[in-house]
Every structure is written in C-alpha cells, then in structure tokens.
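S.K.: Any chance you could fold what I've pasted below:
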Amino acid sequence: MAAVAEQLRRAREAAGFSLQQVADTTKMRADHVQALEEGNYDVFVAPVYIRGFVRTYTRLLHLDEPAIMAALEAELSQTRKFREPPRLTGASEGTLDAVMLQLSRINWRIALPVLAVAVVVVAAVVIERSVRHQHAADPLAGMVPGLYQPASPSAAETLPLPSTNAPAHR
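M.R.: Numbers count the residues shown, from 1 in each chain. This next block holds a predicted model:
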C-alpha cells in the first residue's frame, strides 16, 4: 500500500469519518475515495485528478498538505502511467493554434474597452470626412447644361374659354 494512501486512511479513521461521509463532504465519488485510500491510482484518467482529490482530502483531514503532495509526486513518478505529463498539443503548430495562443494571453478587460474606443474614433473620423466632403462638393457637378423648351400646349392642358353665344346665368 502506498504511503499517501495509508496516511489518508489512518487520518480518516482517526477523525471518525466513514468513506461515504468523506465522499459527501468533498463531493468526490465514494469509489474514488476508496481508490485513493488503497493507492489504486489506475482508476483515475490523469494525474491532475489524483492531485486535486488528494489535496481536497488532505485539507478535509487537516493534514500537512505540502508533505502529502510531495509524497504523492514521488509515488506518481514511480508509476508508468503517470510518470510524465501527457502532451497537450500535437508536434506541429498551425497558424490558427499560434493565433489562438496569442489571443488567450490578452487581458480582455483592458483590450475590449480600448478596442471599443478605437472603433468609435475611427467611425467618427470617417463620418466627419464624409460630411465635409458632402458640403464641399458641388451639387450640380454631374449635370450637363440644358436648354429650356416650353411644352407645347395640348387641348387637355388648356381651360375652355366661355363662348359669346352661351346664355348668361342670372
């Protein structure tokens, strides 16, 4: 049995907790608590889970966290599965990966307001230049000179004149 597992089990028993009480308090599954106490780390997918669960369990039992974590690291380094951390990325990086990495490093609480102010300033400059260009431009610039020609009168456009033969109204 692993030294960390034995320390956790002894401390739990000394505190008077059952496995289920530890699981309920730490929000871990009971089978994970039991696996930690047995030193059966193969139950876990990655060492980050083991470290997190042991840290939570250690804090619950008020044990010496740095000493327990150091002992856990020593135990994990002896296992084949958890000896070295798995690679999180592939061997080659694409352009998108590099861009996303750089974007993840930006402090967006500062960058977004600065970006918003820059957009407002650029929009104001564009609108101001457009308005200035509208006022400076000749409104008749695209028109060609024309010649006035009066419309020819048609019968429908003129009013009838009273005839002299019509009787007058009284």
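S.K.: And this protein, what are its domain boundaries?
M.R.: With domains defined by automatic domain parsing, the chain comprises 3-78, 95-135.
S.K.: most tightly surrounded among the ones you listed?
M.R.: Mean neighbours per residue, mean count of other CB atoms under 10 Å, is largest over those for domain 3-78, with a mean of 16. Glycine gets a C-beta too; all of them are placed from N, C-alpha and C.
S.K.: average pLDDT for it?
M.R.: Taken as a whole, domain 3-78 carries a mean pLDDT of 86.
S.K.: before we move on, what about stretch 140-160?
M.R.: Mean per-residue pLDDT for stretch 140-160: 73.
S.K.: Can we start the residue count at 644 from this point?
M.R.: That works, and once the first residue is 644, the last one we named lands at stretch 783-803.
S.K.: quick one on the thing from earlier: now render the domains of the chain as CSV, adding distance to Gln792.
M.R.: As requested, the domains of the chain are exported to CSV (distance: least, CB to CB, whole Å):
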stretch, distance to Gln792
domain 646-721, 90
domain 738-778, 32
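S.K.: Just tell me which of the ones you listed ends up closest to Ser795.
M.R.: domain 738-778 (39.1 Å; CB to CB).
S.K.: How far does the closest one sit from its chain's centre?
M.R.: Remark: domain 738-778 is offset 18 Å from the chain centroid, using CA atoms, centre = their mean, to the nearest Å.
S.K.: How about stretch 660-674?
M.R.: Distance, centroid of stretch 660-674 to centroid of chain: 34 Å (CA atoms, centre = their mean).
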